[in-house]
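A.B. asks: build me a model:
(one chain, ligands or ions: 1)
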Amino acid sequence: MMKCKEKVFFEGLDRKHFIEHVENKVKMTIKKYKLFTKKEKILVACSGGKDSTALAYILKKLGYDIEAITLNPSIKNSSRKNLDNLKCFCRKNMIKLHIVSFKQETGYALDEIKKILDSKGVSMAYCTICGILRRYLLNKKAKELKAEKLATGHNIDDEAESVLMNLLRGNIGLMARLGPIAGVVKSKGFIPRVKPLYLCREKDIQSYSKLMKFPVAYERCPYAQSSYREIVRNELIDFEKKYPKTKENIINWFLRILPELKKDFKKDEEMTYCTVCGEPSQRTICNACTILEKLENKKI
Ligand SMILES: [Zn+2]
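C.D. replies: Numbering: from 1, shown residues only. Below you'll find the predicted structure:
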């Protein structure tokens, strides 16, 4: 029986049952969408934020073979603190942590890359550059570390934003690449990305993270403020306040049409490889190499 002084977190659940509820949801998502098994080596992409930290913790607790990887864009403010938090968390929970820095890999920090691209007339938002390099470096490192899957901390709120964003921009092809298992076609050179928090609400992960006292900062990336995603995110938050379950409804609809959508885009998406770096790419030179080419003294 629940005691009166116990705080109620979710539909009448107390602390213990709330924790179980979140963990079971992750367990169920992994099984339902066949994300991975206990025999596979899983690399968890960690940012030091609440979602990926909770993800690493829950997967470890459920007995999966995990290691953590983090990309340090070498930007000021939150990144240093996030890295320290993550190191502390991984040490405490005996999770092996791999740290990859933008500076080491490309010769430059994210803000330096942005400046160089600007000076060369390539106008790209911080989030775009960061996203492209992140994706590229994570895949490269995951292959080096012989991981079978790369798990990310995307939750239902993130995914609803992505679905809506691609819908509003008319990017149906990009929408087809979303889902609990990202991508449309399997490729030897591309480590599959999976999202075990797919059905978890952001506010539940936040409560879980606070309950477990994870060393995480709750503010958002300082560079995200002006992105298109942030605009869609804020609209969606307003909408959800007026019409609860909006995000859940978007995802329920999306999951229904996703198999057909993926089938449809499979035909179009023959995987080819970047002629510069050899990573999987839909163009002859991948986005990451397009950015890296603009940087002088590049190391890659
Ligand atoms: Zn490339």
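
A.B. asks: am I right that Phe190 sits in a strand?
C.D. replies: No - under DSSP: H, G, I helix; E, B strand; the rest coil, Phe190 sits outside any strand and is assigned coil.

A.B. asks: can you tell me the element the residue in the stretch 101-250 of the chain positioned nearest to the ion falls in?
C.D. replies: Distances between the stretch 101-250 of the chain and the ion by Cβ to the ion are smallest at Tyr136, namely 7.2 Å. (Each C-beta comes from the backbone N, C-alpha and C, glycine too.) In the assignment (DSSP states H and E), Tyr136 maps to helix 126-144.

A.B. asks: so what does that helix touch, helix or strand wise?
C.D. replies: strand 41-45, strand 65-72, strand 97-101, helix 102-106, helix 110-119, strand 149-151, helix 287-294 (3 or more Cβ pairs under 8 Å, 6 or more residues apart in numbering; DSSP states H and E).

A.B. asks: at 7 Å what do you get?
C.D. replies: If contacts are counted by 3 or more Cβ pairs under 7 Å, 6 or more residues apart in numbering; DSSP states H and E, helix 126-144 sits against strand 65-72, strand 97-101, helix 102-106, helix 110-119, helix 287-294.

A.B. asks: pipe the ones you listed into a markdown table and attach mean pLDDT and distance to the ion per row.
C.D. replies: A markdown table is the format used below for the helices and strands packed on helix 126-144 (pLDDT from 0 to 100; distance: least, Cβ to the ion, whole Å):
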| stretch | mean pLDDT | distance to the ion |
| --- | --- | --- |
| strand 65-72 | 95 | 17 |
| strand 97-101 | 94 | 17 |
| helix 102-106 | 87 | 12 |
| helix 110-119 | 89 | 15 |
| helix 287-294 | 88 | 3 |
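
A.B. asks: so which of the ones you listed is the most packed in?
C.D. replies: strand 65-72 (a mean of 21; mean count of other Cβ atoms under 10 Å).

A.B. asks: and the closest residue to Leu255 other than its chain neighbours, helix, strand or coil?
C.D. replies: Spatial nearest neighbour of Leu255, excluding adjacent residues (Cβ to Cβ, 6 or more residues apart in numbering): Gly179 at 7.5 Å. Under three-state DSSP, the three-state class of Gly179 is coil.

A.B. asks: give me phi/psi at Gly179?
C.D. replies: phi 110, psi 170 (degrees, to the nearest 10).

A.B. asks: hang on, isn't it packed against Leu258?
C.D. replies: Yes - the pair Gly179 / Leu258 is scored as a contact, 5.1 Å apart, by Cβ atoms under 7 Å.

A.B. asks: near the ion, which residues of the stretch 201-300 of the chain?
C.D. replies: Applying Cβ under 5 Å from the ion, one finds that the stretch 201-300 of the chain approaches the ion through Cys274, Val276, Cys277, Cys286, Cys289.

A.B. asks: tell me which residues touch the last one, please.
C.D. replies: Contacts for Cys289 were tallied using Cβ atoms under 7 Å, 6 or more residues apart in numbering; they are Cys274, Val276, Cys277.

A.B. asks: helix, strand or coil for the residue lying closest to it once chain neighbours are set aside?
C.D. replies: Residue nearest to Cys289 in three dimensions, not counting chain neighbours: Val276, with 4.2 Å by Cβ to Cβ, 6+ apart. Going by three-state DSSP, the secondary structure assigned to Val276 is coil.
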